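Student: How does the following fold in three dimensions:
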Amino acid sequence: MDIQMKKKRTVASQAAAHGPLPELPEGLLDELVKGPMTPAEVHDLMLAFNKALIERAMGAEMNMRLGYRPGQLKPSAQTNERKGASGKTVITERGPVRVDLPRDREGSFEPLLIPKHERRFTGFDERIIAMYARGMSVREIQAFLAESYGTEVSADFISSVTDEVMAETLAW
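Tutor: I've put the predicted structure just below:
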């Protein structure tokens, strides 16, 4: 069995282990895909979908935190309230995305999806670690991330990610 076949099985087994993905409504797909698309158009659509999904999920977290939805009356026991949104660039597996995240007056909203001061959205650190584990230099990792994700990442950032993993590994 050659290495490529083994790699394909590994990817396939990873997908199978993940389980079935949620079904998307046909109407939504019809609205988004009006005909043949270029790879760049598919990529941009995926980024737009990521942006919308992140913003919606963060809004839902804020709704849960405050106990009411935008436009509804604030519960009388609730002293905190919405204070608009702030922009944040989040690095996703498909590239950087500028999202508007909700804020509250007290500044006590601690989101779970993308915690305060975080810029990476699931999986980005793992990619850096995988490249490092394969023996890529910090410069090679920087070049790859710039080319693949269109984002500049400092050598210090890459070192902090790999150092954090090494510390976790040693703690085991």
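Student: When you work out contacts or count neighbours from here on, use the C-alpha atoms and nothing else.
Tutor: Noted.
Student: where in the chain is pLDDT low?
Tutor: Scanning the chain for pLDDT under 70 picks out the ranges 1-11, 14-15, 18, 124-125, 148-151, 164-172.
Student: and the residue nearest the centre of the chain, what does it touch?
Tutor: Nearest to the mean C-alpha position of the chain, counting by Cα atoms, centre = their mean, stands Phe121 at 2.8 Å. For Phe121, the contact set (Cα atoms under 8 Å, 6 or more residues apart in numbering) comprises Val90, Ile91, Thr92, Glu93, Ile114.
Student: If you rank those residues by neighbours, which is first?
Tutor: Counting neighbours by other Cα atoms under 10 Å, Ile91 leads these with 20 neighbours.
Student: Tell me how far that one lies from Val138.
Tutor: Separation of Ile91 from Val138 (Cα to Cα, to the nearest Å): 18 Å.
Student: just to revisit the earlier point, can you tell me which of the contacts of Phe121 lies nearest to Asn50?
Tutor: Thr92 (8.2 Å; Cα to Cα).
Student: hang on, the earlier thing: specify which member of the contacts of Phe121 is nearest to Ala48.
Tutor: Thr92 (11.6 Å).
Student: backbone phi and psi for the spatially closest residue to the closest one that is not a sequence neighbour, please?
Tutor: Once flanking residues are discounted, Thr92 sits nearest to Phe121: 5.1 Å by Cα to Cα, 6 or more residues apart in numbering. With angles defined as degrees, to the nearest 10, Phe121 sits at phi -110, psi 100.
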